[in-house]
Structure formats: structure tokens, C-alpha cells
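*Asks:* sequence unavailable; structure follows:
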């Protein structure tokens with residue numbers, strides 16, 4: 001199972017984990033905001049379900065909302081249940097983001113590749129050509145919406161591993177294939193806060209690793 005996952009990650013160019021590579025602060029703040037919104041929805045449904053909201057004052061063509069209280073209360077229960085699940089999902093993001101905000105580990109290894117990745121770049125060239133040259137429902141060319149990210153592949157003690165890095169860090173190492181580098185990484189999200197070159201590559205190493213990068 002681990003080998004299969006590793007091959008899939010290599011093909012896709014990213015780790016198959018939720019929120020991988022995201023900044024902990026972004027995940028934390030986004031999770032808090034969304035969890036708060038779902039909390040408000042749950043509170044509103046609670047008020048409807050237990051009669052705190054007076055439905056008799058809201059008139060309809062065929063009566064008042066009070067006449068449909070049973071249906072409304074049932075709907076409120078379902079909406080509250082779905083909102084509770086989504087709120088929990090976002091609270092998990094808050095916990096993970098808060099943990100990774102303060103914890104970091106060093107990853108040392110040899111830089112195998114530093115490359116720009118785009119959405120769907122693992123697909124065959126002919127598929128990319130036809131799909132991303134076409135237009136979506138709004139009439140916009142799909143290639144305009146292709147997301148870009150910057151990836152480094154490091155030879156670690158556990159084999160080649162890839163991380164998404166910021167543009168300024170990518171610029172430091174994009175032409176340093178074969179160099180020994182150190183990444184400052186958060187443990188759960190794999191967010192790279194810093195990358196440093198520890199040892200420049202020899203000419204032979206640089207050439208060899210350039211060939212590796214071009215094969216990917």
C-alpha cells in the first residue's frame with residue numbers, strides 16, 4: 001500500500017494528504033471563520049427547532065409558517081446535523097493549523113529537482129492540449145485558470161520526497177540541482193517555511209541531477 005501511494009504521489013507531484021503544503025496560519029484562520037459560520041447556522045436551527053422563533057408572525061398566501069412548523073423543524077434538524085459535521089471538519093483544520101504553527105522539523109537531503117508544476121500536468125500531453133485549450137461554461141479558456149505551484153524533490157533517507165515551496169524559496173534553488181539543502185518543514189501539513197543551501201553541487205553532480213530533473 002505504501003509503495004502504491006508513493007508512486008501515485010510521484011505521478012501527481014504532490015502528497016496525498018488533506019491540506020498538504022498549506023500555510024498553518026491560513027488553515028487556522030480559515031477553519032475558525034468557517035466553523036464560526038456553521039456554529040451560527042446550528043444556533044439558528046436550534047432556535048427554530050425548540051420554538052424560540054415565532055413563526056405565526058410570518059404570513060404566507062395559504063396561511064402562516066406556523067402551519068408548516070413540523071416540516072420546518074425537520075428541515076432545521078437536518079441542516080443542523082450537516083452543519084455540525086462541517087463545523088467539526090473545520091475545527092480539525094483549526095487544531096492541525098494551530099499545532100503546525102509552532103512546530104517545525106529539519107529535512108536534509110540532496111536536491112533532485114526544482115520545477116514549476118501546473119494543474120493536470122501529469123496527464124498525457126494530448127489530453128492537456130485539448131482540455132486546457134477548451135473553454136469552460138463561462139466562456140473562459142481553461143488554461144487561464146490552471147494553478148501554478150513550485151515543487152522541490154529531495155533525496156532523503158526514506159527515498160525521494162516532494163514539497164511545495166514559495167516562489168522566493170524556489171528561486172534560490174531552481175538551478176542548484178545536486179546541492180545539499182535543508183528544509184524547515186511543519187510536521188503535519190508539510191509546509192516549508194524556509195529552504196537553505198548547505199553545500200553547492202560539484203559540476204558532475206549538477207549535470208547528473210539536471211538529467212534526472214528533465215526526465216520527470
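*Replies:* Happy to help now that I have it. Small disclaimer: the values here were computed from a predicted structure and weren't measured. Residues are numbered from 1 along each chain as shown.

*Asks:* now do the helices in the chain.
*Replies:* With DSSP state H, the ranges of helices along the chain come out as 2-12, 24-49, 69-102, 125-133, 167-173, 203-215.

*Asks:* which of those helices comes out lowest on mean pLDDT?
*Replies:* Of all the helices of the chain, the minimum mean pLDDT falls on helix 2-12 (a mean of 45).

*Asks:* who are the contact partners of the closest residue to residue 72 other than its chain neighbours?
*Replies:* Spatially, and ignoring its direct neighbours in sequence, residue 72 is nearest to residue 48 (6.2 Å; C-beta to C-beta, 6 or more residues apart in numbering). Any C-beta I mention is one placed from the backbone N, CA and C, and that applies to glycine too. Shown in contact with residue 48 (C-beta atoms under 8 Å, 6 or more residues apart in numbering): 72, 73, 76.

*Asks:* quick check: bridge partners of the closest residue to residue 181 other than its chain neighbours?
*Replies:* Closest residue to residue 181 apart from its sequence neighbours, by C-beta to C-beta, 6+ apart: residue 111 at 5.1 Å. Beta-bridge partners for residue 111, by DSSP bridges, are residue 154.

*Asks:* surely residue 111 meets residue 178?
*Replies:* Yes: the pair residue 111 and residue 178 qualifies as a contact (C-beta atoms under 8 Å) at a distance of 6.5 Å.

*Asks:* comparing the two, which residue is more hemmed in?
*Replies:* Taking neighbours as other C-beta atoms under 10 Å, residue 111 and residue 178 compare with residue 111 leading, 26 against 22.

*Asks:* for that one, what are its contacts?
*Replies:* Each residue near residue 111 by C-beta under 8 Å, 6+ apart is listed here: 152-155, 173, 176-181, 201, 209.

*Asks:* now swap in residue 90 and tell me
*Replies:* Applying C-beta under 8 Å, 6+ apart to residue 90 gives the contacts 30, 31, 32, 34, 35, 38.

*Asks:* how does this protein divide up, domain by domain?
*Replies:* The record's domain parsing of the chain by automatic domain parsing lists 25-102, 103-215.

*Asks:* need those in TSV (columns: distance to residue 18).
*Replies:* Putting those into TSV (distance: least, C-beta to C-beta, whole Å) gives the following:
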stretch	distance to residue 18
domain 25-102	9
domain 103-215	9
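
*Asks:* out of those, nearest to residue 17?
*Replies:* When those are compared by C-beta to C-beta, domain 103-215 sits nearest residue 17, at 7.3 Å.

*Asks:* any idea of the pLDDT on residue 153?
*Replies:* At residue 153, pLDDT is 91.

*Asks:* ok, it - how many residues close by?
*Replies:* Around residue 153 sit 23 other residues, with neighbours defined as other C-beta under 10 Å.
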